[in-house]
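Trainee: I would like to see how this sequence folds:
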Amino acid sequence: MEQMRQTFSLEERIAELLKLHDLKITCAESCSGGLISGRLVNVPGISSYYEAGVVTYANAAKEKFLAVPHQMLEEHGAVSPQVAEAMARGALTFAGADVSIAVTGIAGPGGGTLEKPVGLVYMACCVKGEVALEKHIFPGDRRAVRESTVEAALELVLRCLDNLKKR
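Mentor: So this is what the prediction gives:
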């Protein structure tokens, strides 16, 4: 008799790796508005590994809660790789965690420019001080961009945690 293979969601796989490495995670979200945290807290027992999440939609919130420098926001804008990394690093301090995922982007339908179109999202995952940064341009309406952001962010966290096993 063939064994049935059980599939696990991205968040379940992340939870297992957090448990394996005894790590705590935090989320710093802008355009996703808490959806990444929502996916993680779907996992039973995640409270042992999920510290906190913060939705910093406004620039002032990014400065206040995540210590994103005002000058950085002025120079590069909230939707930039520099701010995504600063959010990820700031989230670690804010929550006292080992792993963070941060996302900032333009979900639409308005707000886009030629340089920064609707669907542009930067995300950064920080694991023990090492940052992995990604740029995406997701198609679709506001809902589609936000959902794609969540999937890509969880995949980035999973890859970063998988890399811990290879060290």
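Trainee: Can you report how many residues lie near residue 117?
Mentor: Neighbourhood size, residue 117 [other C-beta atoms under 10 Å]: 12. Any C-beta I mention is one placed from the backbone N, CA and C, and that applies to glycine too.
Trainee: I'd guessed it sits against residue 106; true?
Mentor: Yes: in this structure, residue 117 is within contact of residue 106 by C-beta atoms under 8 Å, at 7.2 Å.
Trainee: measure residue 79 to residue 13 for me?
Mentor: Computed with C-beta to C-beta, to the nearest Å, the distance linking residue 79 and residue 13 is 28 Å.
Trainee: Next: residue 115.
Mentor: Taking C-beta to C-beta, one finds residue 115 at 35 Å from residue 13.
Trainee: in this protein, which helix has the most residues?
Mentor: helix 142-165 (DSSP state H).
Trainee: Enumerate the positions of that helix that are buried.
Mentor: Across helix 142-165, burial judged by 16 or more other C-beta atoms under 10 Å covers 145-146, 148-150, 152-158, 160-161.
Trainee: if we can go back for a sec, neighbour count for residue 79 and residue 13, which is higher?
Mentor: residue 79 (21 against 18).
Trainee: that older thread, quick one: mean pLDDT for the longest helix of the chain?
Mentor: Over the span of helix 142-165, the pLDDT mean works out to 95.
Trainee: Could you list the residues in contact with it?
Mentor: The contact list for helix 142-165, computed with C-beta atoms under 8 Å, 6 or more residues apart in numbering, reads 10-11, 13-14, 17-18, 21, 23, 25, 31-33, 35-36, 39, 99, 101, 103, 105-109, 118-119, 121, 123, 125, 127, 130, 132, 134, 136, 138-140.
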